[in-house]
Each structure stands twice: as structure tokens, then as C-alpha cells.
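**Q** starting from these lines, generate the structure:
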Amino acid sequence: MASVAVADTRDAQGRTEIRVVRRKPPLRVHLPRLSENEKRDLSLDEPDEAARTALAGRARYEGYGKHKRNLHLWNLAAFHGYAPDRTFCEDVGFERRDEQRIPVLLHRGIAAGLFGDLHRQGDPTMLWTIDDNGWIYEMRQTNSGQALYHGYPMAPTNALGRKVIARFETWIFSFPREERDPALLAALRDAQDRYS
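**A** Numbers count the residues shown, from 1 in each chain. Model prediction:
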């Protein structure tokens with residue numbers, strides 16, 4: 001709720017004028033989310049190669065206005081629901097020009113086995129990926145049965161980030177040293193710093 005202050009001023013004729021001034025509320029504090037939330041947890045078992053390949057062949061991204069500040073730039077409809085803890089792509093530097101990178105990020109998360117533990121009509125309801133700059137993006141199923149996902153940045157206070165990073169690290173180090181992508185190693189280090 002906005003705080004209220006009373007301003008006591010005098011006008012040009014010397015009369016007292018009282019005005020009520022509303023101040024903006026303080027910035028919202030992001031409280032850590034618990035990874036124990038059964039609706040959004042990393043699967044206990046890593047998906048096998050067949051499951052990863054099947055999902056990679058079908059998975060697509062579609063933007064969603066809930067996580068965009070500048071809807072007109074993304075050509076998205078306004079979000080009218082209540083979501084006080086939502087995060088915005090623009091707040092972490094992800095702009096419309098970055099949209100072309102989304103298929104790479106989506107497939108990176110699938111290849112790393114960053115699947116949620118719940119499935120709906122054969123597809124995981126949640127996926128995660130790690131961007132080159134270390135931000136973790138959570139991708140939620142938009143339409144079940146169509147492998148259609150929308151994504152948003154995960155807050156650095158989110159406890160689930162450490163699980164995502166651990167599995168991502170395991171995936172990277174499963175490759176022989178000479179085959180490890182330096183960009184992915186840098187993304188891993190940045191994610192570890194941000195979500196520590």
C-alpha cells in the first residue's frame with residue numbers, strides 16, 4: 001500500500017492549503033522460493049537420450065505477456081491475472097532482439113536433461129536452461145500435448161537454481177575435456193556466481 005504524506009503549503013494570498021501526497025510503495029523484496037514445491041521441481045532421474053531427442057524434435061517456444069514489460073515490442077496480449085512474484089525478461093537484459101536465440105536455449109536445457117518431475121500428455125510441464133550470461137530461465141508448458149513452452153528468468157534467490165546448476169554441470173562434464181564448450185563452461189561459472 002502506498003504511504004500517505006500531508007503537505008502544508010501557503011498559496012499566493014497567504015491561505016493555508018493542505019494536500020495529500022501519495023508515495024510509491026517500497027520496492028518488492030524477492031523472497032526465496034523453496035525447491036520443495038512439488039509443482040516445480042527438477043526430476044529425480046535424468047531423462048534418457050530417447051526422451052531428450054523426442055522432446056527436442058517437438059518443443060517450441062511462444063511468448064507470453066505475463067513476463068514481458070513492453071508487450072507492444074513483443075506483439076503480445078496483456079496479462080490480466082494476479083502474479084506478484086513474476087519476473088520479467090527485460091529486467092535481466094533479454095530483449096526482443098534476443099528472441100532468435102530462444103530455440104538454442106530451449107534445446108540446451110533439453111540436452112542437459114533439465115526436465116521437471118511432472119508430465120502432462122507425455123511432456124514435462126517444466127524445463128530449465130542456462131543462458132550464456134548465467135541467468136536460468138524456467139520454461140513452463142503453455143499447451144499440454146503440443147510441447148509448447150513459455151519462459152521467464154528465475155530469481156537469484158530461488159533455491160531450485162542450485163539443483164538446475166548441479167545437473168547442468170554434470171551434463172557439461174560428461175563430455176571429454178577437449179569437447180567441452182568454453183561458452184557453456186563460462187555460463188556455468190556465471191550461474192554459480194549468480195545463484196550461490
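**Q** part of a helix, is H150?
**A** No: per DSSP: H, G, I helix; E, B strand; the rest coil, H150 lies outside any helix segment and is strand.
**Q** who are the neighbours in contact with the nearest residue to L185 once chain neighbours are set aside?
**A** Once flanking residues are discounted, L185 sits nearest to I172: 6.5 Å by Cβ to Cβ, 6 or more residues apart in numbering. To be clear about C-beta, it is placed using only N, CA and C from the backbone, and glycine gets the same treatment. I172 sits next to A112, R180, D181, L184, L185, L188 when contact means Cβ atoms under 8 Å, 6 or more residues apart in numbering.
**Q** just list whatever residues bridge to P124.
**A** H119 (DSSP bridges).
**Q** count of neighbours near it?
**A** By other Cβ atoms under 10 Å, 25 other residues sit near P124.
**Q** next one: it, what pLDDT does it get?
**A** P124 carries a pLDDT value of 93.
**Q** got a list of what S144 touches?
**A** Taking Cβ under 8 Å, 6+ apart as the test, what S144 contacts is R120, Q121, D123, T125.
**Q** can you put the residues you listed in JSON lines and add distance to A78 and neighbour count?
**A** Below are those laid out as JSON lines (distance: Cβ to Cβ, whole Å; neighbours: other Cβ atoms under 10 Å):
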{"residue": "R120", "distance to A78": "26", "neighbour count": "12"}
{"residue": "Q121", "distance to A78": "28", "neighbour count": "11"}
{"residue": "D123", "distance to A78": "27", "neighbour count": "22"}
{"residue": "T125", "distance to A78": "24", "neighbour count": "18"}
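**Q** give me the helix or strand of the chain that scores worst on average pLDDT.
**A** strand 4-10 (a mean of 60; mean pLDDT, DSSP states H and E).
**Q** what's next to stretch 102-113, contact-wise?
**A** Contacts for stretch 102-113 (Cβ under 8 Å, 6+ apart): 43, 46-47, 52, 55-56, 59-61, 127-131, 137, 139, 149, 151, 167-168, 171-172, 184.
**Q** send me it as CSV with only the CA atoms.
**A** Presented in CSV, the C-alpha positions along stretch 102-113 are these (Å, rounded to 0.1, in the frame of the first residue of the first chain):
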residue,chain,number,x,y,z
ILE,A,102,15.4,-19.0,-27.8
PRO,A,103,15.4,-22.3,-29.8
VAL,A,104,19.1,-22.7,-28.9
LEU,A,105,18.4,-22.1,-25.2
LEU,A,106,15.4,-24.4,-25.2
HIS,A,107,17.4,-27.2,-26.8
ARG,A,108,20.3,-26.6,-24.5
GLY,A,109,18.0,-27.3,-21.5
ILE,A,110,16.6,-30.4,-23.1
ALA,A,111,20.0,-31.7,-24.0
ALA,A,112,21.2,-31.1,-20.4
GLY,A,113,18.2,-33.1,-19.1
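**Q** for it, which positions count as buried?
**A** I102, L105, L106, H107, R108, G109, I110, A112, G113 (16 or more other Cβ atoms under 10 Å).
**Q** okay if I get these as JSON lines plus secondary structure?
**A** Converted to JSON lines, those look like this (three-state DSSP):
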{"residue": "I102", "secondary structure": "helix"}
{"residue": "L105", "secondary structure": "helix"}
{"residue": "L106", "secondary structure": "helix"}
{"residue": "H107", "secondary structure": "helix"}
{"residue": "R108", "secondary structure": "helix"}
{"residue": "G109", "secondary structure": "helix"}
{"residue": "I110", "secondary structure": "helix"}
{"residue": "A112", "secondary structure": "coil"}
{"residue": "G113", "secondary structure": "coil"}
